[in-house]
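K.L.:
sequence and computational prediction follow.
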Amino acid sequence: MAELKSELGNRRKDRARDLNKSLDQLRKLSENDALADKRDAKNNASGFFDMNALGRRAQTRQYFRKLPATKEWAENNYYQLPIAKQDANLIRVNPFWNDYAASAAGQPFFSGNFIYATSNFAEMMLALSVLDLPFEAPEHVAETKDRTLQLTAGNHLVVCHQEILPSKPAKKGPKILLSQNYFRADSRYRHDGNERLDNFVDDEFLKQIAYGCQVVITNPTSSPQKFRLLVQVPEGAVPLKNGFYSKGRPIQLQPYLTTTFDYFFYFPAPGKFAIYPVQVANHGGHVAAAEDFSFDVVNELSKKDKTSWAWISQNGSEKDVLQHLRGHNLNRIDLKQIAFRLRHQAEGGGGRDFYNRIMALLEDRFTYHDTLWSYAVYHKDEDRMGDYLERSAVAGRVGLFFESQLLSVNPVERKWYQHLEYKPLVNARAHQLGQNRKILNSAFHGQYHRLLEVLKYRKEIQSNDLLGVAYFMLLQDRIEESIAFYQRVSADQVTEKLQYDLLGTYLAFYRGDLDNARKLVNRHKGHPVDKWRNLFAAAGSQLDEIAGKEGVLVDDENREQKQDQLAATQASYEFKVEDRQVQLSFQNLDHVTVNYYPMDVELLFSRKPFLKDDTEHFTYIVPNTVETIELPAKKTAHTFAIPKQFHSSNVMVEIVANGIRKSQAYYANTLAVQMIENYGQVRITDQAKGEALAKTYVKVYGKLANGQVRFYKDGYTDLRGRFDYVSLNTGELDNVQSFAILILNDKHGAIIREAKPPKQ
């Protein structure tokens with residue numbers, strides 16, 4: 001009894017000593033943490049970061065990142081503008097670009113009209129690129145003295161100046177403002193430089209010519225007003241454009257707003273005619289009226305404006321017409337007025353001379369007019385006939401592609417079709433299911449069929465289209481067809497040399513042609529654009545890994561490359577039991593714990609993918625043997641024998657390491673499998689030779705939150721023996737609780753694994 005008490009006392013002392021030791025360790029850790037917090041606070045207060053804290057943060061491993069949704073990618077010549085908006089309306093003619101076109105070569109360019117080049121982002125960036133203003137702000141000196149500002153410029157600059165001056169007080173105005181003016185319909189405006197002015201007529205009017213009347217009414221008060229207008233055409237006039245002889249119309253004007261409207265008429269015969277001016281009334285009575293006006297309608301104007309286009313186009317000589325066109329803005333001229341001249345013989349019997357001179361002038365001024373170009377058909381002018389047909393409705397009726405001597409229709413040039421790419425895009429099934437192949441991504445489905453719609457009009461598929469077809473075949477996992485289309489591409493006939501080589505590198509992996517893949521990678525090793533250089537560098541990293549070297553993380557922001565790099569440094573292991581031995585393959589581990597469970601196993605994967613939850617086929621008992629196995633350094637494989645008592649029994653071997661617990665049945669195969677669950681990857685090698693097993697079939701089932709088991713995805717390992725069994729675009733991963741994975745190789749047998757979804 002005394003000995004028992006003494007033993008208990010010794011045990012209490014040992015436990016107390018151990019407890020005190022643990023408390024001392026905790027106290028030291030707390031003190032160290034407190035010192036670290038103070039140091040961090042001091043560093044933050046002084047404006048510096050704690051490099052140790054950053055280092056500890058960098059050591060924190062990222063979780064699995066879910067594959068993002070598929071995006072549609074297009075090549076843009078202008079920033080964030082689809083090809084349909086990249087037309088002549090993007091950068092319009094305005095005073096700024098006129099100044100730039102007229103500027104002297106070799107001299108600094110600046111225009112005060114830069115304010116007009118602000119219609120969109122693209123135009124503003126183009127304007128900045130041609131303005132000779134410094135991109136780095138120079139030193140300007142500004143001084144104020146005696147109510148004046150003196151600015152000494154350090155370099156070219158833009159100065160906006162605004163001044164406030166006194167003005168005379170305005171007289172009290174009427175309750176409304178009303179005006180009524182008349183203009184010739186075919187010469188509505190006149191231009192003074194770049195300023196457009198009204199071209200009103202107030203003296204003689206010509207018979208049988210269309211005229212218009214402009215009525216303007218303004219509410220200058222702060223209250224809304226309602227009016228009733230009475231409008232009439234002049235005596236002796238006939239209304240035009242579905243007009244009227246006399247019409248009343250209601251008008252409601254908000255404060256400080258103006259409304260305007262036009263109506264048209266013509267005089268059949270000459271004479272003196274009056275007009276009842278516009279009358280305005282409200283509920284209180286008459287409010288205002290326009291000024292009286294009398295029309296003097298004549299057979300021929302006594303004062304002819306022989307400088308106007310209306311007169312020159314109809315009455316001037318061909319020389320006058322050409323001279324007027326050379327000296328005026330063609331965008332302001334109605335070229336249809338001279339269409340009748342292009343059919344007749346030129347002055348002096350020149351045949352098509354006038355037609356050619358007019359068309360050449362318009363071509364030099366980059367001006368196209370549909371009516372004038374239609375005369376190319378009359379004159380059998382094949383060159384201009386082609387221009388006319390390409391812009392006519394005929395071009396839209398011959399299909400998406402057409403080639404002839406006079407007419408060429410290209411869907412890309414006409415912006416009917418644009419090559420689009422889809423990334424990332426992962427198909428759940430590697431093989432066709434059912435009679436018809438299905439494309440589940442609706443955007444890609446539409447794009448693929450648009451390409452087929454274009455190709456059906458071609459007699460022969462050109463190399464650039466073959467390259468696009470090869471890419472679309474890859475997106476559908478139709479590898480053999482993609483390779484066949486790619487081999488039909490003539491390298492000297494495609495302008496997309498870089499894309500051609502990248503696709504060739506990708507397909508070389510499928511063909512196992514690693515030498516050609518390495519050749520293409522080395523060709524673009526020093527490409528100046530990061531995006532393309534990294535793509536080839538990533539392929540080179542995979543080639544190194546296939547050759548047994550360590551892969552390199554090329555782009556830290558690239559999800560696929562980062563996942564590969566994390567998977568390569570993650571502590572993981574896989575094992576199998578064969579010939580009474582446990583064959584363990586591992587990475588980043590120094591020891592494991594092995595538990596042995598006798599069991600009764602009936603493996604029917606097709607009926608029960610998830611064996612661990614199948615209590616009808618597994619019977620567990622308390623493990624009667626536990627071993628700790630030390631693993632050799634600088635190796636990735638280790639073999640040890642199972643205990644003798646299990647040599648002739650079915651046994652479930654469970655290995656625990658680094659928080660990972662895995663179990664496996666004892667049955668025959670020669671596969672070495674590494675499950676990297678944190679990143680959803682599996683790596684399969686030959687157990688005997690250690691070589692990666694490419695083209696090994698992997699089939700995955702997923703158990704959902706509601707307990708339902710359904711097919712998830714399948715596919716084949718790449719040349720590195722790797723397969724990503726998790727990544728899908730469909731969003732299925734959010735509902736999966738666990739995976740059952742069947743790995744099948746014709747030569748090396750089959751094996752079943754289970755895995756949890758990676759942490760996100």
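P.N.:
Received it, and whenever you're ready, just let me know what you need.

K.L.:
can we go C-alpha only for contacts and neighbour counts from here?
P.N.:
Noted.

K.L.:
a helix runs through residue 78, doesn't it?
P.N.:
No - applying DSSP: H, G, I helix; E, B strand; the rest coil, one finds residue 78 to be coil, outside a helix.

K.L.:
from memory it sits against residue 124, does it?
P.N.:
No - using Cα atoms under 8 Å, residue 78 makes no contact with residue 124, being 12.0 Å away.

K.L.:
and these two? which has more neighbours close in?
P.N.:
Applying other Cα atoms under 10 Å to residue 78 and residue 124 shows that residue 124 carries more neighbours, namely 16 against 13.

K.L.:
rounded mean pLDDT for stretch 159-176, please.
P.N.:
Stretch 159-176 carries an average pLDDT of 64.

K.L.:
quick check: end-to-end length of that stretch?
P.N.:
Start-to-end span of stretch 159-176 (Cα to Cα, to the nearest Å) is 40 Å.

K.L.:
distance of the closest residue in space to residue 426 that isn't next to it in sequence relative to residue 143?
P.N.:
Among residues not flanking residue 426 along the chain, residue 728 sits closest, at 5.6 Å (Cα to Cα, 6 or more residues apart in numbering). According to Cα to Cα, residue 728 and residue 143 sit 66 Å apart.

K.L.:
neighbour count winner among the two?
P.N.:
Neighbours per residue (other Cα under 10 Å) separate residue 728 from residue 143, with residue 728 holding more: 21 against 9.

K.L.:
surely that one touches residue 427?
P.N.:
Yes - Residue 728 lies in contact with residue 427 (Cα under 8 Å); the separation is 7.0 Å.

K.L.:
okay, and the common contacts of the two?
P.N.:
With Cα atoms under 8 Å, 6 or more residues apart in numbering applied, the contact sets of residue 728 and residue 427 do not overlap.

K.L.:
residue 639 bridge partners, please.
P.N.:
Taking DSSP bridges as the rule, residue 639 bridges to residue 583.

K.L.:
where does the prediction get shaky in the stretch 551-700 of the chain?
P.N.:
Counting by pLDDT under 70, the stretch 551-700 of the chain has low-confidence residues at 551-557, 559, 561-562, 565, 568-569, 599-609, 611-624, 647-650, 666-669.

K.L.:
strands along that one, start to end?
P.N.:
Taking DSSP state E, counting those that start in this stretch as the test, the strands found in the stretch 551-700 of the chain are 572-578, 581-587, 591-598, 625-630, 637-641, 651-657, 660-665, 671-676, 681-686, 697-704.

K.L.:
and these: which comes nearest residue 460?
P.N.:
strand 697-704 (37.6 Å; Cα to Cα).

K.L.:
what about residue 142, how many neighbours?
P.N.:
10.

K.L.:
can I assume it sits in a strand?
P.N.:
Yes - Residue 142: assigned to a strand according to three-state DSSP.

K.L.:
what about stretch 748-760, start to end distance?
P.N.:
Counting by Cα to Cα, you get 33 Å between the two ends of stretch 748-760.

K.L.:
and what of stretch 699-716?
P.N.:
From its first residue to its last, stretch 699-716 covers 9 Å (Cα to Cα).

K.L.:
which residues are in contact with it?
P.N.:
427-430, 609, 694-698, 723, 725, 732, 735-743.

K.L.:
okay, buried residues for it please.
P.N.:
Applying a neighbour-count criterion of 16 or more other Cα atoms under 10 Å, one finds 699, 700, 701, 702, 703, 704, 709, 712, 713, 714, 715, 716 buried in stretch 699-716.

K.L.:
fine by me, thanks again.
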